[in-house]
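Student: Quick one, structure for this:
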Amino acid sequence: MTMSVAKANSQATRTNAATGDARIKSLIALIDVLTALVAEENAELAKGLPASRLKQVDEKNRLAEIFERTVAECAAGTSTLNVRDRILREQLLERILKLRAAMDENLVRLRAAIEASNRRIEAVMQAIREQIAAVSPYGASGRVAARAVSSGTSRSA
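Tutor: Numbering: from 1, shown residues only. The predicted model follows:
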């Protein structure tokens, strides 16, 4: 009887390890896809494309939310990622570091894209202000601006 309990415990341990390994492999796959999306977005940002035109944003946000939820569950203790396999643990750590590097670059590139967009918006607004000022009958004080009027006399009438 003790033998069957030990055997059942051993089988449960193997099943838990296999389930844990499957979760880790799934998490690694998620990180790989997320890293690839971020790298693709970084390449487009490097070309000068505005952040608002990037096609990866929705999918990146969806995958990042799943990843953040997994990390939050582990931090809260509601879920654990026991990685007994050293190679799998190293793969997970390597992927997390690659994702972090890609996300750091992404943050820098997104900030640059936002600054460039702000500069473009300010240039357009300045052009609009100048155009309005050129056709407005009012000066900066709010009073009717004196316009230079050309007047001449013609003696050959």
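Student: which helix is the longest one in this structure?
Tutor: Ranked by residue count, the top helix of the chain under DSSP state H comes out as helix 86-135.
Student: What is it packed up against?
Tutor: helix 2-46 (3 or more CB pairs under 8 Å, 6 or more residues apart in numbering; DSSP states H and E). To be clear about C-beta, it is placed using only N, CA and C from the backbone, and glycine gets the same treatment.
Student: avg pLDDT for the helix it packs on?
Tutor: For helix 2-46, mean pLDDT rounds to 76.
Student: Likewise for stretch 130-140?
Tutor: In this model, stretch 130-140 carries a mean pLDDT of 77.
Student: One more: stretch 79-86?
Tutor: Per-residue pLDDT over stretch 79-86 has a mean of 75.
Student: for that stretch, how far is the first residue from the last?
Tutor: Using CA to CA, to the nearest Å, one end of stretch 79-86 lies 20 Å from the other.
Student: Can you list the buried residues in that stretch?
Tutor: Within stretch 79-86, the residues that qualify as buried by neighbour count (16 or more other CB atoms under 10 Å) are residue 83.
Student: From the chain's centre, how far out is stretch 96-113? Work that out for me.
Tutor: The chain centre lies 8 Å from the centre of stretch 96-113; the measure is CA atoms, centre = their mean, to the nearest Å.
Student: For that stretch, C-alpha coordinates in PDB please.
Tutor: In PDB, the C-alpha atoms belonging to stretch 96-113 read as follows (Å, rounded to 0.1, in the frame of the first residue of the first chain):
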ATOM      1  CA  ILE A  96      13.000  38.200 -20.400                       C
ATOM      2  CA  LEU A  97      16.300  40.100 -20.800                       C
ATOM      3  CA  LYS A  98      15.800  40.400 -24.600                       C
ATOM      4  CA  LEU A  99      12.300  41.600 -24.100                       C
ATOM      5  CA  ARG A 100      13.500  44.200 -21.500                       C
ATOM      6  CA  ALA A 101      16.200  45.500 -23.900                       C
ATOM      7  CA  ALA A 102      13.600  45.700 -26.800                       C
ATOM      8  CA  MET A 103      11.200  47.500 -24.500                       C
ATOM      9  CA  ASP A 104      13.800  50.000 -23.300                       C
ATOM     10  CA  GLU A 105      14.700  50.800 -26.900                       C
ATOM     11  CA  ASN A 106      10.900  51.000 -27.700                       C
ATOM     12  CA  LEU A 107      10.400  53.600 -24.900                       C
ATOM     13  CA  VAL A 108      13.300  55.700 -26.300                       C
ATOM     14  CA  ARG A 109      12.000  55.500 -29.800                       C
ATOM     15  CA  LEU A 110       8.400  56.200 -28.800                       C
ATOM     16  CA  ARG A 111       9.500  59.300 -26.900                       C
ATOM     17  CA  ALA A 112      11.400  60.600 -29.900                       C
ATOM     18  CA  ALA A 113       8.400  59.900 -32.200                       C
END
